[in-house]
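# With the input below, show me the fold.
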Amino acid sequence: MSEKLFESETSRCIIVGASHGGISVAFALRQFGWKGSIDVFDALPCFPHQKPPLSKDFLNGRLEESMLRLRAEKAYEKARVNLHLGQRVIRINRAEKTIDTKKGKWEYDSLILATGAEALIPPIKGIAEATNLFTIRHLPDSEKLKACIDDFEDKGKKPKVVIIGAGYIGLEAAASLRKMGVTVTILERESRVLQRVTAPILSEYFTKLHEANGVNVIISKEVSAIETSDGQQFVVCEDGTKHDADIVIAGVGIKVNKTLAEDARLQVDDGICVNGQCQTSDQNIYALGDCVQHHSSVYQRTIRLESVQNAMDQANVVAMHLTGKEVIYDKVPWFWSDQYGLKLQIVGLLHGHTDIVVRKNKDDEKSISVWYFDGNRLLAVDAINQPKSYSIGMRVLSQNLKIDKSALASIEELLKPENIVLTPNDAL
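You can find the predicted model right below:
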């Protein structure tokens, strides 16, 4: 890429994916001085929208569709960002530097892949014939689920919903549905909820929280089939138990959208492989967001993150690099989840931890944080209604510091300045 390419009004940037990351990089390019054309393609016909509220405030009716939009329509016109919605990119020709859609061929100087991921449909017997089966990944998914619930209520019935999978999407959907008065059962094949992403104490916390709000949480249940009998639909488990289900929600994970990159023979592993500037194995093609596998300077290993903030941070890096600025992506991962008015804030990644420290607030039984350590090195913090714990965890991880475990005995002790002992990890 010429260093002055971004200053040319004839330069062409194509972005595949109108997600948080895709839209963020388009506007960041304008902010940092890209003079040429910017065209954004997305297979979905709906206007670019936020995704986190789809399983929360939008699902339970607290947010209208117009409030989900990432940018107002006039903002795209003002920034000269051209949206091509409902147009799936089906091929990349690296030699010609073109992309193909069913409507034609487009040339690019720089190509950005923000293809994200799709909800995974588990290979369960009868699932293809299931009635009222939903995932919650895109706006149309949530809209159809809401409409289905409304149809039942118009007939004077509250539907029975079975959610397969007790990850964050499943739990958030359950919380939203309970606010709507819907009967909810969660079936989780693992021995506890959120098993891959949190400690047993928080799994127990969230199980009790959902049960207290009327959700039937059933663990260690492998779903084997969906059956219909006498007009009723059932989710069947391997042990033979059956659960009446007017509506079924699959919340079992995602499938990374990397086929386009694979077909173009870019380097791909768990995601599209990128360097510190989010460049793929082709220097003219960048990638960002859920579909990307990158090296983490914080953890010194390759990771792939499913996080809105990660996508937006990487968008900034791509835009800066394309406009001639020296930058390397080195952010600390962070996430959040809202359930029943409680806010879970997560900083870091717990994988590889050897021990944990649990902190509770004696004045608030709903307040708890879990600190994950590898020896004396902090890896991650899960904080529920403890924003200061989250902030301290972010400081420690982002500045490569060590926190004295003895200061974590209680929230009261931790928040005393004299008891917060921070020393560089390198000094250990």
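
# Tell me where the stretch 301-428 of the chain has strands.
Under the criterion DSSP state E, counting those that start in this stretch, the stretch 301-428 of the chain contains strands at 301-303, 334-339, 342-348, 355-361, 364-374, 377-384, 401-403, 422-424.

# Ok, which of those comes nearest Lys4?
For the strands of the stretch 301-428 of the chain, the distance to Lys4 is smallest for strand 301-303, at 33.1 Å, taking Cβ to Cβ. To be clear about C-beta, it is placed using only N, CA and C from the backbone, and glycine gets the same treatment.

# which helices and strands does the closest one pack with?
Applying 3 or more Cβ pairs under 8 Å, 6 or more residues apart in numbering; DSSP states H and E, we find strand 301-303 packed against strand 292-296.

# Extract the CA atoms of the strand it packs on and return them as CSV.
C-alpha atoms of strand 292-296 as CSV (Å, rounded to 0.1, in the frame of the first residue of the first chain):
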residue,chain,number,x,y,z
VAL,A,292,-10.2,-12.8,13.9
GLN,A,293,-7.4,-14.7,15.6
HIS,A,294,-4.7,-12.5,16.9
HIS,A,295,-1.7,-12.5,19.2
SER,A,296,-2.3,-11.1,22.7
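
# Show me what that strand is packed against.
strand 272-273, strand 301-303.

# hmm, try it at 10 Å
strand 272-273, strand 285-287, strand 301-303, helix 308-322 (3 or more Cβ pairs under 10 Å, 6 or more residues apart in numbering; DSSP states H and E).

# Quickly run through the sheet partners of it, with directions.
Using DSSP bridges, the strands paired with strand 292-296 are strand 272-273 (parallel), strand 301-303 (antiparallel).

# Go ahead and name everything in contact with that strand.
Strand 292-296 has contacts (Cβ atoms under 10 Å, 6 or more residues apart in numbering) with 21, 113-116, 256, 258, 261, 267-276, 278, 280, 286-288, 301-305, 310-311, 314, 317, 328-333, 349.

# Among the residues you listed, the buried ones, what's the PyMOL command?
PyMOL command restricting those to the buried ones, with burial defined by 16 or more other Cβ atoms under 10 Å:
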select buried, resi 21+113+114+115+116+256+258+261+268+271+272+273+274+278+280+286+287+288+303+304+305+310+311+314+317+329+331+332+333+349
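
# those helices in this protein, which residues are they?
Per DSSP state H, the chain carries helices over the ranges 20-31, 73-79, 139-154, 168-179, 200-212, 259-263, 308-322, 387-398, 411-414.

# Any chance of JSON lines for those, columns mean pLDDT?
Formatted as JSON lines, these follow (pLDDT from 0 to 100):
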{"stretch": "helix 20-31", "mean pLDDT": "98"}
{"stretch": "helix 73-79", "mean pLDDT": "97"}
{"stretch": "helix 139-154", "mean pLDDT": "96"}
{"stretch": "helix 168-179", "mean pLDDT": "97"}
{"stretch": "helix 200-212", "mean pLDDT": "97"}
{"stretch": "helix 259-263", "mean pLDDT": "98"}
{"stretch": "helix 308-322", "mean pLDDT": "97"}
{"stretch": "helix 387-398", "mean pLDDT": "93"}
{"stretch": "helix 411-414", "mean pLDDT": "62"}
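
# And those: which comes nearest Arg91?
Comparison of the helices of the chain against Arg91 by Cβ to Cβ identifies helix 259-263 as nearest, at 6.8 Å.

# And for that closest one, what's in contact with it?
Under the contact criterion Cβ under 10 Å, 6+ apart, helix 259-263 has outside partners 16-17, 88-92, 99, 113, 115, 266-268, 271-273, 280-282, 285, 287, 291-292.

# what's the offset of that helix from the middle of its chain?
Averaging C-alpha positions (Cα atoms, centre = their mean, to the nearest Å) puts helix 259-263 21 Å from its chain's average.

# same deal with stretch 279-288?
Here stretch 279-288 is found 22 Å from its chain centre; the criterion is Cα atoms, centre = their mean.

# do stretch 240-259 as well
Stretch 240-259 sits 17 Å away from the centroid of its parent chain (Cα atoms, centre = their mean).

# mind listing what's buried in it?
Buried residues in stretch 240-259, counted by 16+ other Cβ under 10 Å: 243, 245-252, 254, 256-258.

# Can you get me a residue count around Leu59?
24 (other Cβ atoms under 10 Å).

# what about it, distance to Gly214?
In this view, Leu59 and Gly214 are 17 Å apart by Cβ to Cβ, to the nearest Å.

# and if you look at Ala175?
10 Å.

# which residues are common contacts for these two?
Taking Cβ under 10 Å, 6+ apart as the criterion, Ala175 and Gly214 both touch Val184.

# These two: which is more packed in?
Counting neighbours by other Cβ under 10 Å for Ala175 and for Gly214 shows that Ala175 has the greater number, 25 against 13.

# Surely the more buried one touches Val217?
No: counting by Cβ atoms under 10 Å, Ala175 stays clear of Val217, with 11.9 Å between them.

# Please enumerate the shared neighbours of these two.
Val184, Phe206, Leu209, His210.

# Need these in TSV (columns: neighbour count and distance to Gly231).
Converted to TSV, the shared contacts of Ala175 and Val217 look like this (neighbours: other Cβ atoms under 10 Å; distance: Cβ to Cβ, whole Å):
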residue	neighbour count	distance to Gly231
Val184	25	21
Phe206	24	34
Leu209	19	34
His210	23	29
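
# That concludes my questions; thank you for your assistance.
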